[in-house]
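S.K.: Quick one, fold the following:
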Amino acid sequence: MKKILLLTLLLTSLAYGALKVETTFTTFGAVTKKIGGDLVRVHVLASAKYDPHFIVPKPSLLTKLRRADLLIINGGGLEIGWLPPLIRSANNANIRDGAQGFLDISHSIPMIDVPDTVSRGFGDVHANGNPHYTTDPHMINIIAKTIKTKLSELDPINESAYQTNLENFLSSWQKYLKKYDAKVKLCKNKKVIQYHELFNYFLKRYNYKSFGNIEPLPGIAPSSKHTISLINTIKKNKIKIVIQDVYHERKTAKFIAAKTEAKLIVLPHDLGADGSKTLEEFYNNIAEKLCQF
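M.R.: Just a heads-up that it's a prediction; the model follows:
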């Protein structure tokens, strides 16, 4: 009994001493666990089932943020619609923008689709570029290195442990990417239509070509005129794939697919959006669904 009590006290002590990390999305949570190991306690704020632009700021999230040592966000304006009020209400100086415990991953990412000008007339555009970079599995390398640097900064005593975890993870991930890249290169149909520009990083990485979006502008619902135009584009260019995400309405995409020879496929935008449990499963699901046509 004494041994059990001592073990319980030890485990409680270790958990208490671990860095309390909040991440906005599940992909960052998974990578943080890989790099931090037992030295971190990770909680994810947003469910992968919902639109990452518009997460409901539940009061329960405030408790997590008030106690956090580190907040890791996607950045690029993706959380602008829901996270700032939570940070203000949490009143935790450690995780405010610019504080030591605040990490914006997008600052380390080579962003694409950066607009020349920003105007409401162009829809809900992101001034810093397309924020959906996690759909490209190669970005995981950058994300892991960035998180390791921040964890080491906050917890320098355990820097060697974070470095070891990083090296082990990157070694394993590079092997995975080598097989993954070889598989995706064999995919035949590389012409697509998207609902929202969620997969531009993936499409660019693997030489897919997007011929348009079901949204006429980011955040703007499709009109009948725009939908008919897309149908004509699909027929003219013999496009076989219409990419739909898990959270937008599917009626329009189904209608377009029914009027053409294209196939509607639903792709996850984040780990867990499709029920995936690991990073490998998340990216495998994207590749398998795209490559089946």
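
S.K.: Roughly how far does residue 266 sit from residue 97?
M.R.: According to CB to CB, to the nearest Å, residue 266 stands 34 Å off from residue 97. Backbone N, C-alpha and C define where each C-beta goes, glycine included.

S.K.: who's more crowded, those two?
M.R.: residue 266 (17 against 12; other CB atoms under 10 Å).

S.K.: these two touch, right, the more buried one and residue 245?
M.R.: Yes. Using CB atoms under 8 Å, residue 266 is in contact with residue 245, at 7.1 Å.

S.K.: which regions of the stretch 1-150 of the chain lie under the pLDDT threshold?
M.R.: Residues of the stretch 1-150 of the chain meeting the criterion pLDDT under 70: 1-16, 117-126.

S.K.: hey, where'd the strands end up in it?
M.R.: Secondary structure of the stretch 1-150 of the chain (DSSP state E, counting those that start in this stretch): strands located at 19-23, 40-44, 70-73, 102-104.

S.K.: Pick the most buried one from these.
M.R.: Mean neighbours per residue, mean count of other CB atoms under 10 Å, is largest over the strands of the stretch 1-150 of the chain for strand 70-73, with a mean of 26.

S.K.: Off-centre distance for that one?
M.R.: 14 Å (CA atoms, centre = their mean, to the nearest Å).

S.K.: Output the contacting helices and strands for that strand.
M.R.: strand 19-23, helix 26-36, strand 102-104, helix 139-154 (3 or more CB pairs under 8 Å, 6 or more residues apart in numbering; DSSP states H and E).

S.K.: Would you mind extracting the C-alpha trace of it into PDB?
M.R.: Extracted as PDB, the C-alpha positions of strand 70-73 are listed here (Å, rounded to 0.1, in the frame of the first residue of the first chain):
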ATOM      1  CA  LEU A  70       2.000  28.000 -23.400                       C
ATOM      2  CA  LEU A  71      -0.600  28.700 -26.100                       C
ATOM      3  CA  ILE A  72       0.200  27.400 -29.600                       C
ATOM      4  CA  ILE A  73      -1.900  28.800 -32.500                       C
END
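
S.K.: partner strands of it, parallel or antiparallel?
M.R.: Applying DSSP bridges to the sheet, strand 70-73 is found paired with strand 19-23 (parallel), strand 102-104 (parallel).

S.K.: Could you take these and lay them out as a markdown table, with extra columns for distance to residue 40?
M.R.: Output for those, formatted as a markdown table (distance: least, CB to CB, whole Å):
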| stretch | distance to residue 40 |
| --- | --- |
| strand 19-23 | 5 |
| strand 102-104 | 13 |
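
S.K.: Give me the secondary structure label for residue 280.
M.R.: Secondary structure, DSSP: H, G, I helix; E, B strand; the rest coil: residue 280 is helix.

S.K.: For the stretch 151-293 of the chain, which segments count as strands?
M.R.: So, for the stretch 151-293 of the chain - with DSSP E, counting those that start in this stretch - the strands run 191-194, 209-213, 241-244, 263-266.

S.K.: Including distance to residue 146 and mean pLDDT, could those strands go into TSV?
M.R.: Listed next are the strands of the stretch 151-293 of the chain as TSV, based on distance: least, CB to CB, whole Å; pLDDT from 0 to 100:
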stretch	distance to residue 146	mean pLDDT
strand 191-194	27	96
strand 209-213	27	96
strand 241-244	28	97
strand 263-266	30	97
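
S.K.: Among those, which comes closest to residue 41?
M.R.: strand 263-266 (32.5 Å; CB to CB).

S.K.: what packs against that closest one?
M.R.: strand 241-244, helix 251-259, helix 279-291.

S.K.: Tell me which of these sits most buried.
M.R.: Mean neighbour counts for those (mean count of other CB under 10 Å) peak at strand 241-244, with a mean of 24.

S.K.: Give the pairing partners of that one; include direction for each.
M.R.: So strand 241-244, judged by DSSP bridges, has these partners: strand 191-194 (parallel), strand 263-266 (parallel).

S.K.: Touching the first one from outside, list them.
M.R.: It stands for strand 191-194. Contact with strand 191-194 is made by 203, 208-214, 230, 233-234, 237-243, 256, 262, as judged by CB atoms under 8 Å, 6 or more residues apart in numbering.

S.K.: rerun that using 10 Å as the cut-off
M.R.: For strand 191-194, contacts defined as CB atoms under 10 Å, 6 or more residues apart in numbering pick out 199-200, 203, 208-215, 230-231, 233-234, 237-245, 253, 256-257, 260, 262, 264-265, 267, 290, 293.
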